[in-house]
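K.L.:
Next input, structure requested:
(2 chains)
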Amino acid sequence: MNEVALEIKNLSVEFHLRGKKVKAVSNLSWKLKKGHTLGIVGESGCGKSVSSLAILKLIPDPPGKISSGSILHEGKDILKMSDKNIRNLRGKKISMVFQEPMTSLNPLMTIGKQISEIIDRHFNLSKEQTYEKAKNILDLVQIPDSDRWLNGYPHEMSGGMRQRVMIAMALVCEPTVLIADEPTTALDVTTQAQILALLNNLQKKLGTAVVMITHDLGVISETADHVIVMYAGKKVEEANVIDLFKKPKHPYTQGLMRAIPNLEEISKNVSKPKRLEEIKGIVPSLHDLPAGCSFANRCSFAMEKCKKVTPNFEEKSSGHWASCFKDFD
Amino acid sequence: MNENKKELILEVINLKTFFPIKKGILDFKKNYVKAVDNVSLEIKAGETFGIVGESGSGKSTLGKSIMRLVKPTSGTIKVRGKDITSLSKNEMFPIRKDVQIIFQDPYSSLNPRLTVGKIVSEGMYLHKVCNEIEIKERLKEIFEKVGLSEFHINNYPHEFSGGQRQRIGLARALALNPSLIIADEPVSALDVSVQAQVINLFMDLQEEFQLSYMFIAHDLSVIAQICSKIGVMYLGNIVEITDRKTLFKNPQHPYTKALLSSIPMPNPQSRKKQHLLIKGDIPSPTNPPIGCKFHTRCPHATKLCSEQMPVLKEIDKEHQVACHLV
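P.N.:
Here you go, the predicted structure:
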């Protein structure tokens, strides 16, 4: 079972904006095992979405450019594939669920049409078979009354239902990899819990490997097996989910975890609201990243060295990697 | 100070805000969206009252109705004991100085054509709180208080990040020295690390200026962090209202329980085997279910729930729940 479903090696993505070069992702590598969930967590602008768009070569070029690296899927480098081959891959082998269920569906097409478009593209089925397949996938994502909804339009649906349709469209060809880019951010908590449970069930049923991209550490801790923390286009920490939450080894990860209100703690200690521990300052602009460690100017442990030299991404303890000069035990 | 002796800043009694839906010019039968339906609450001096609910629960409309930014259909709103429900625009003017609002979207709630100094001082000029020189002094002071530098005064909103903009919104509200600030999802558009900064700022300013907040949010963990008293809204009604401790230790309404259980915990070891999932989505407010509005999604619903709407009843000191089964 430990086969690799998708591997990214030294991926760098640049954007050329107004004559300036902005490195959105630099030197990112990760492996996704079959059937596993890889969580990528970070704040806006850390490159988590850009790196996932790069997997399917969805970066608009220009201004974007994948400047180096390789993306290996079933032994082949996606970045070296022809456009035609990539089109055969998208939706069939690797598919994606986007954040905005409101804008990622076509408002002029019925749900059924949008789903059968994908089936038509990748399979050679009769009209009845296509309809059957579309209906089955809607049933699978637990849309009640699927017959009726096949002829319905996106605007008639609630946000949660639209996200279910997006998931249905992504899974209709039973891909090996599903990239979920903030799939629940636009949803209410109760709906979010439903969608996460659904994704989890489907993953077990279909054996899909999932890349879960989110800013929400709670979502990560509930879904991921392995986690990558990104900051300013770089991977700053990587570990399995238990180790990461137990002993984060990068000051940024530690800061993030303290910055979220912890309900467990609040319900224990309820006398007076406590201040949150904040991370000072803001994420540096990718236009001019500081020399050395990008997090140094916000880090409470920063030393002279941190502002000059970029720390290596090294293994701190078994399977737990971080890029920081300091060792946290 | 004894809790009960604190001054009541805001009192809302049976507030209703309905929006008519017209179907056509010949259709005289009017239908209503009951955005806020019979809501009562009290906010005492120095208290932070949280309103939590999902989208469509009417929490923003409640905030706007209290500010009289939308016209309430019926009910009473009292600010420091004074009934403001049917005051005219002119009569409302001095009240607006005392009750300020901060909006969710820091990108669209600041006028892009004014410098942030102008945005923050506009209220002070309008209300003639002090003369021009003093206003300039005060401006610097407020900017410092919310963690911005005075060099920012002549910049335009687009030059600021989301977190900074929310600080500007807070500065604008603070400029008039209000006693109550209604904050409508003030941190939901911000990144986690910045969100913590802004929440802390809210808490610091409250301590310094003895502010009362009404904090509207969909995120229970944010509410839990800052609020002392919390009301849970569902489809225009408050279904449970209690202090923070009880809400988290002993929630009574099935919807509150579901909300609490739906929050993903940042602790993979306590990964819950099964969340207490509630089925379906929030029903459309144009056509809410008869009886208890939650009964269509409630796991414990009985026949009574689909027939009769439960009223808020006091089950403990300062703990009210609207559920037949409690």
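K.L.:
where exactly do the strands run in the chain?
P.N.:
Using chain A. For chain A, the strands identified by DSSP state E occupy A:4-17, A:20-33, A:37-41, A:64-73, A:76-77, A:94-97, A:177-181, A:209-214, A:226-231, A:234-240, A:314-317, A:320-322, in order along the chain.
K.L.:
wrong one, chain B
P.N.:
B:8-21, B:31-44, B:48-52, B:74-79, B:82-83, B:99-102, B:180-184, B:212-217, B:229-234, B:237-243, B:313-316, B:319-321.
K.L.:
mind listing the helices for the stretch 151-300 of chain A?
P.N.:
In the stretch 151-300 of chain A, helices defined by DSSP state H, counting those that start in this stretch lie at A:159-171, A:189-206, A:217-223, A:241-246, A:251-259, A:263-268, listed in chain order.
K.L.:
Would you mind listing what in the stretch 1-150 of chain B touches chain A?
P.N.:
With C-beta under 8 Å from any C-beta of the partner chain as the criterion, the stretch 1-150 of chain B comes near chain A at residues B:48, B:54-55. (C-beta placed from N, C-alpha, C; glycine too.)
K.L.:
just to revisit the earlier point, export the strands of chain A to TSV and tack on mean pLDDT, distance to chain B and mean neighbour count?
P.N.:
As requested, the strands of chain A are exported to TSV (pLDDT from 0 to 100; distance: least, C-beta to the nearest C-beta, whole Å; neighbours: other C-beta atoms under 10 Å in any protein chain shown):
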stretch	mean pLDDT	distance to chain B	mean neighbour count
strand A:4-17	91	16	18
strand A:20-33	90	17	18
strand A:37-41	94	9	25
strand A:64-73	90	22	18
strand A:76-77	90	33	13
strand A:94-97	92	17	24
strand A:177-181	93	14	24
strand A:209-214	94	10	25
strand A:226-231	94	9	24
strand A:234-240	94	9	23
strand A:314-317	89	17	14
strand A:320-322	93	14	21
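K.L.:
B:Ala183 is nearest to which of the ones you listed?
P.N.:
Between B:Ala183 and the strands of chain A, the shortest separation by C-beta to C-beta is 25.1 Å, and it involves strand A:209-214.
K.L.:
what's that closest one in contact with?
P.N.:
The contact list for strand A:209-214 (C-beta atoms under 8 Å, 6 or more residues apart in numbering or on different chains) reads A:5-6, A:32-41, A:48-49, A:52, A:55, A:176-185, A:199, A:203, A:219-220, A:223-224.
K.L.:
For B:Ser179, give me its contacts.
P.N.:
B:9, B:45, B:80, B:98-99, B:210-212.
K.L.:
What of B:Val12?
P.N.:
Listed by C-beta under 8 Å, 6+ apart, the contact partners of B:Val12 are B:39-42, B:66, B:75-78.
K.L.:
among the residues of the stretch 1-150 of chain B next to chain A, who's most crowded?
P.N.:
Using other C-beta atoms under 10 Å in any protein chain shown as the neighbour definition, the residues of the stretch 1-150 of chain B next to chain A reach their maximum at B:Thr48, which records 24 neighbours.
K.L.:
mind listing what it touches?
P.N.:
The neighbourhood of B:Thr48, defined by C-beta under 8 Å, 6+ apart, consists of A:273, B:206, B:212-215, B:226-229.
K.L.:
Just give the nearest non-adjacent residue to the closest residue to chain A within the stretch 1-150 of chain B, would you?
P.N.:
Shortest the stretch 1-150 of chain B-to-chain A distance, computed as C-beta to the nearest C-beta: residue-wise this is B:Glu54, at 3.9 Å. In space, B:Glu54 comes closest to A:Asp188 once its chain neighbours are excluded; the distance is 3.9 Å by C-beta to C-beta, 6 or more residues apart in numbering or on different chains.
K.L.:
Pull the number of nearby residues for the one you found.
P.N.:
Residues lying near A:Asp188 (other C-beta under 10 Å) number 22.
K.L.:
Kindly report the same for the one 10 residues further on.
P.N.:
Counted by other C-beta under 10 Å, the residues lying close to A:Leu198 total 18.
K.L.:
before we move on, what about B:Leu176?
P.N.:
Neighbouring residues of B:Leu176 were enumerated by other C-beta under 10 Å; the total is 16.
K.L.:
Any chance of the backbone angles for it?
P.N.:
The phi and psi values for B:Leu176, taken as degrees, to the nearest 10, are phi -90, psi 10.
K.L.:
show me what contacts B:Leu276?
P.N.:
When contacts are counted by C-beta under 8 Å, 6+ apart, B:Leu276 touches B:257-258, B:261-262, B:299.
K.L.:
what about 10 Å?
P.N.:
B:Leu276 makes contact with A:190, A:193, B:254, B:257-262, B:299 under the criterion C-beta atoms under 10 Å, 6 or more residues apart in numbering or on different chains.
K.L.:
mind listing what's buried in stretch A:289-299?
P.N.:
For stretch A:289-299, the neighbour count (16 or more other C-beta atoms under 10 Å in any protein chain shown) marks A:289, A:292-296, A:298-299 as buried.
K.L.:
Extract the C-alpha trace of that stretch and format it as PDB.
P.N.:
Output of stretch A:289-299 as PDB, limited to C-alpha atoms (Å, rounded to 0.1, in the frame of the first residue of the first chain):
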ATOM      1  CA  LEU A 289      11.700  38.500   0.700                       C
ATOM      2  CA  PRO A 290      14.200  39.200   3.400                       C
ATOM      3  CA  ALA A 291      17.500  37.500   3.200                       C
ATOM      4  CA  GLY A 292      18.000  34.400   5.300                       C
ATOM      5  CA  CYS A 293      14.900  32.800   6.900                       C
ATOM      6  CA  SER A 294      11.700  34.300   5.600                       C
ATOM      7  CA  PHE A 295      10.100  34.000   9.000                       C
ATOM      8  CA  ALA A 296      13.000  35.600  10.900                       C
ATOM      9  CA  ASN A 297      11.500  39.100  11.300                       C
ATOM     10  CA  ARG A 298       8.400  37.600  13.000                       C
ATOM     11  CA  CYS A 299      10.200  34.900  15.000                       C
END
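K.L.:
For that stretch, what is the distance to the chain centroid?
P.N.:
Once both centres are worked out by C-alpha atoms, centre = their mean, to the nearest Å, stretch A:289-299 turns out to sit 24 Å from its chain's centre.
K.L.:
Over to stretch A:161-181?
P.N.:
Centre to centre, stretch against its chain (C-alpha atoms, centre = their mean), the figure for stretch A:161-181 is 13 Å.
K.L.:
So which bits of it are buried?
P.N.:
For stretch A:161-181, the neighbour count (16+ other C-beta under 10 Å) marks A:161-173, A:175-181 as buried.
K.L.:
For the residue nearest the centre of chain B, give me the pLDDT.
P.N.:
Centrality entry for chain B: nearest residue to the mean C-alpha point is B:Ile216, 2.7 Å, by C-alpha atoms, centre = their mean. pLDDT, B:Ile216: 94.
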